[in-house]
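**Student:** turn this into a model:
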Amino acid sequence: MIELRDVHVTLTSAAGPVKILRGVDLEVPARTSISVVGPSGSGKSTLLAVIGGIERPTSGTVRIDGQDLGALSEDRLATFRGRRIGILFQSFHLIPTMTALENVAVPLELAGARDAFAVASERLAEVGLAARAEHYPGQLSGGEQQRVGLARALSNQPSLLLADEPTGNLDQATGQEIVELLFRMQRERAMTLLLITHEPRLAARCERHIGMADGRLVDASAAVARLRPMADRVAGQVA
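**Tutor:** A predicted model of the protein is given here:
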């Protein structure tokens, strides 16, 4: 599903080149959930952007479902991303002047779907927001906005879902509701899920774990060993 070979991302600045990713190699099988953990500035979000076709690497190869993203024009890349990849953001990124239904329908309309609003209505129902379809983002709670974001990310039935700190702007109880919904949707749709998070309990829910530091993948075995006991302690406190 995900295959990265010697991927580098280098940005230019007044002080000289800044290396964000430094020779990343990664393989993730289809229908797997994988967490990416690491300190701020380690390159996690850039990794997600490269995998999602939002940012092109300076060098290296990125393949998603066997498709070399570097071989696609910008238009073909946008089409591929719209059909195969869903992205869930920390800050929701909903269009404030559109209703929940319209926000979910946008990617469907861009993909040329004739039944965009009917499908969008189904997706909102799946995340428990059928009754809020005509509400604007400003009329929704943070948890409801993230549900809309998830419905939008799933609108085109993607095979890959990328989630960047999906509970970062939510309180613990609401975040837990989103986590349960996220993993249920991943299982029901047999999607591949790549999840960036700082929360040990959330990271521990994934089947695989990778760590990042200074733009490189690092041995995550020690981090994983720490994640599960931390998750158990948090679960005990919640209980």
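**Student:** now residue 153: closest residue in space, sequence neighbours ignored.
**Tutor:** residue 86 (3.5 Å; Cβ to Cβ, 6 or more residues apart in numbering). Every C-beta, even on glycine, is put in place using the N, C-alpha and C of the backbone.
**Student:** where do the helices sit along the protein?
**Tutor:** In the chain, the segments counted as helices under DSSP state H are 44-51, 74-84, 100-110, 116-126, 142-153, 172-189, 200-203, 221-238.
**Student:** okay, those helices, which one's buried deepest?
**Tutor:** Greatest average neighbour count among those goes to helix 142-153 (a mean of 24), per mean count of other Cβ atoms under 10 Å.
**Student:** run the angle between it and helix 100-110 for me.
**Tutor:** If you take axes from the mean of the first three to the mean of the last three Cα atoms, to 10 degrees, helix 142-153 sits at 20 degrees to helix 100-110.
**Student:** mind listing what residue 55 touches?
**Tutor:** 9, 46, 49 (Cβ atoms under 8 Å, 6 or more residues apart in numbering).
**Student:** quick check: it vs residue 130, distance?
**Tutor:** 35 Å (Cβ to Cβ, to the nearest Å).
**Student:** same check, this time on residue 148
**Tutor:** In this view, residue 148 and residue 130 are 12 Å apart by Cβ to Cβ.
**Student:** try residue 138
**Tutor:** 20 Å.
**Student:** before we move on, what about residue 103?
**Tutor:** Plainly put, residue 103 is 15 Å away from residue 130 if you go by Cβ to Cβ.
**Student:** returning to that earlier point: and residue 138 and residue 130? which has more neighbours close in?
**Tutor:** residue 130 (14 against 9; other Cβ atoms under 10 Å).
**Student:** surely the more buried one is in contact with residue 123?
**Tutor:** No: with contact defined as Cβ atoms under 8 Å, residue 130 does not reach residue 123; the gap is 10.0 Å.
**Student:** shared neighbours of the two, anything?
**Tutor:** The contact sets of residue 130 and residue 123 do not overlap (Cβ under 8 Å, 6+ apart).
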